[in-house]
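[1] build me a structure from this.
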Amino acid sequence: MRKIKFIDNISSMQFFQLLKPVIFFIISIVFTKSHLTTYDIGQFEGFMFIASLSTFFWVTGINQSLLPLYNRNRTYRKFGENGPTKSPEIFNAFLILCFFSLLLFILGHTLKYNYSFFHNRGNVPFINLLLLYMLLSSPVCLIEYIYLLNNRSYRIFQYGLYTYTAQLLLVITPLLFGKDIIWSIYGLLVITGIRWIWLLILLWRYTEMKISLSFMKEHLYLGAPLIITTLISGSPQYTDGFIVSVVFRDPAKFALFRYGAKEFPLFLMLANGLSNAMLSEFATREKMKESLEKIKVKSKQLMHFLFPATAVIMLLARWGYPLIFRQEFSTSSSYFLVYALMIIPRLVFPQTILVGRKKTRITMIAAVLELAINIPLSFLMIRLGYGITGVVLSSFIAYTINNVFLVIYLWVKMKIKPAEYIPLKVFALYSLLISILFILIDHRIIDIH
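    Below is the predicted model:
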């Protein structure tokens, strides 16, 4: 494939991070149109939820902390002994990911023989395949970051397109032949094996295979607060999913929640792609002013697209859910509407600046604050009769408070005013309009069926 000039690191990461939820969204549609029961779908969703919940926090923390450390660390101050194309940093990050994966794999096999929870296959579907998937799937998440750090933006585009297309085919093809859901899980394992081959080729090409305990220590020192931050705060869907599974204990109801508890993939991944691609931009003081202006301009561009698009999606949600899925999934649209509000705090990026400046401990404090608000507020909402909708709304409130805390920290402690990186007038206007629209739809003053 010829290099495409309009693809840069930001757009390629946005595209890549968009692909995963889009592919799983398509898979979810195929599932609901197939012979699978709601219970079967709940098993697959439970499998993916547990795998993600067990790995997302440390994978995210290790990968994101690698970006500001690359070529800017005490162990390897420059490019390394063999020049800019060979990185000992990436190789040692790979070893850390493998260590955590193996530790989780061993821990899982130990626990399944000692705790009754793991003998209940309804709670933990396909436990052996699940542990194998968690062992193999986590290290391959380094691939897109290897390309990013080597400015191979078009390769990120290619890798994502090829592997996620293959994943879609491997997961849905068994269902077209009337096979059980376990064959879709086998498909996930096959594509993970292909990604491992891809990863090993990249490690040979781009890394210096030199073990450094000194760099691992430095990496984990910076990454530990990010791991804790992501574990505590993470995606609201994980916190909400845990609460829903604990309170309601019904795979069918959990499937209804999971199908609604989704931020629209395009919106979420465009925001996350911008954030991840900008992390390395804030690593040096010299580029600080330029980087602040860049993230302000980029976020303003996103706002002009994402807020109007969110409004359209919200208007069509109640009409579209039964059409796209099945009638029984119409309840899920109510959860989706609340998650759509997440676009408001998502398009403000104080955490990007702080992580880029290696201020990871303050993001950890903000995450603790978010969790301290989210969990008790969720149970209060359930007690007041709001059910799963109250759980979702609690996450929105807690995540918003998290972002406000970080904005205030940047302003007070680092003297970075909100106007330096947030297009305040545009953001305030869109936030007000989307909030009003939500109230009108929620109270069925506007109701499209």
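[2] low pLDDT regions in the stretch 51-200 of the chain?
    Low-confidence segments of the stretch 51-200 of the chain (pLDDT under 70): 77-85, 113-124.
[3] at 50 instead, please
    79-84, 115-122 (pLDDT under 50).
[4] please enumerate the helices of the stretch 251-400 of the chain.
    Shown for the stretch 251-400 of the chain, the helices assigned by DSSP state H, counting those that start in this stretch span residues 251-260, 265-278, 288-324, 332-340, 343-346, 350-356, 360-383, 387-413.
[5] so for residue 192, which of the ones you listed sits nearest?
    helix 265-278 (20.4 Å; Cβ to Cβ). (Each C-beta comes from the backbone N, C-alpha and C, glycine too.)
[6] any idea of the angle the closest one forms with helix 288-324?
    In terms of direction (axes from the mean of the first three to the mean of the last three Cα atoms, to 10 degrees), helix 265-278 departs from helix 288-324 by 160 degrees.
[7] distance-wise, check residue 168 relative to residue 426.
    36 Å (Cβ to Cβ, to the nearest Å).
[8] kindly report the same for residue 188.
    Going from residue 188 to residue 426 by Cβ to Cβ gives 41 Å.
[9] so for the two, which sits in the more crowded spot?
    Applying other Cβ atoms under 10 Å to residue 188 and residue 426 shows that residue 188 carries more neighbours, namely 20 against 15.
[10] show me what contacts that one?
    133, 137, 167, 170-171 (Cβ atoms under 8 Å, 6 or more residues apart in numbering).
[11] again with residue 184
    Here residue 184 is in contact with 27, 44, 171-172, 174-175 (criterion: Cβ under 8 Å, 6+ apart).
[12] tell me which of the residues you listed fall in helices.
    27, 44, 171-172, 174-175 (DSSP state H).
[13] please identify which of the residues you listed is nearest to residue 394.
    Looking across the ones in helices among the contacts of residue 184 and measuring by Cβ to Cβ, the closest to residue 394 is residue 44, at 26.5 Å.
[14] test my guess that the closest one contacts residue 182.
    No - Residue 44 is not in contact with residue 182 according to Cβ atoms under 8 Å; the separation is 9.3 Å.
[15] of these two, who's got more company?
    Comparing residue 44 with residue 182 by other Cβ under 10 Å, the one with more neighbours is residue 44, at 23 against 16.
[16] grab the nearest non-local neighbour of that one.
    residue 181 (5.4 Å; Cβ to Cβ, 6 or more residues apart in numbering).
[17] quick check: phi and psi on that neighbour?
    Main-chain dihedrals, residue 181, degrees, to the nearest 10: phi -60, psi -30.
[18] OK, contacts around it?
    36, 40-41, 43-44, 175.
[19] quick one: neighbours of the closest residue to residue 322 other than its chain neighbours, just the number.
    Spatial nearest neighbour of residue 322, chain neighbours left out: residue 330 (4.6 Å); criterion: Cβ to Cβ, 6+ apart. By the criterion of other Cβ under 10 Å, residue 330 has 19 neighbours.
[20] of the contacts of residue 188, which is the most crowded?
    residue 171 (25 neighbours).
[21] please tell me how far that one sits from residue 227.
    Distance of residue 171 to residue 227, given as Cβ to Cβ: 29 Å.
[22] ok, residue 394 next?
    24 Å.
[23] which of those two has more residues huddled nearby?
    A direct count of neighbours by other Cβ under 10 Å for residue 394 and residue 227 places residue 394 higher, at 26 against 21.
[24] now the one helix or strand residue 41 maps to against helix 360-383, angle please.
    Assigned by DSSP states H and E, residue 41 belongs to helix 38-69. Taking the same axes, to 10 degrees, one finds helix 38-69 and helix 360-383 inclined to each other by 160 degrees.
[25] phi first, then psi, for residue 210.
    The phi/psi pair for residue 210 (degrees, to the nearest 10) is phi -130, psi 120.
[26] quick check: it touching residue 87?
    No - at 9.8 Å, residue 210 and residue 87 do not qualify as touching, with contact defined as Cβ under 8 Å.
[27] on that earlier part again, pick the most buried one from the helices of the stretch 251-400 of the chain.
    Across these, averaging neighbours per residue (mean count of other Cβ atoms under 10 Å) puts helix 350-356 on top, at a mean of 25.
[28] from residue 337, how far out is residue 436?
    Per Cβ to Cβ, residue 436 is found 13 Å from residue 337.
[29] how close does residue 12 get to residue 291?
    Relative to residue 291, residue 12 is positioned 19 Å away (Cβ to Cβ).
[30] kindly report the same for residue 364.
    For residue 364, the distance to residue 291 - Cβ to Cβ - is 23 Å.
[31] and if you look at residue 210?
    31 Å.
[32] for burial, what's the neighbour tally of residue 279?
    20.
[33] now do the contacts for it.
    So residue 279 contacts 64, 67-68, 352, 355-356 (Cβ under 8 Å, 6+ apart).
[34] from the residues you listed, which is closest to residue 432?
    For the contacts of residue 279, the closest approach to residue 432 (Cβ to Cβ) belongs to residue 352, at 24.0 Å.
[35] the closest one against residue 291, yeah?
    No - the criterion here is Cβ under 8 Å, and residue 352 misses it with residue 291 at 9.3 Å.
[36] spit out the residues that contact the two alike.
    With Cβ under 8 Å, 6+ apart, residue 352 and residue 291 have common neighbours 278, 282.
[37] secondary structure element holding residue 25?
    Using DSSP H and E, residue 25 falls in helix 9-33.
[38] correct me if wrong: residue 131 contacts residue 105.
    Yes - here residue 131 reaches residue 105: they are 5.5 Å apart, a contact under Cβ under 8 Å.
[39] if you count what's nearby, which of the two comes out ahead?
    For residue 131 versus residue 105, neighbours defined as other Cβ under 10 Å are more numerous around residue 131 (22 against 17).
[40] mind checking pLDDT for the closest residue to residue 409 other than its chain neighbours?
    With Cβ to Cβ, 6+ apart as the criterion, residue 409 has its nearest non-adjacent residue at 5.6 Å, and that residue is residue 362. Looking at residue 362, its pLDDT stands at 90.
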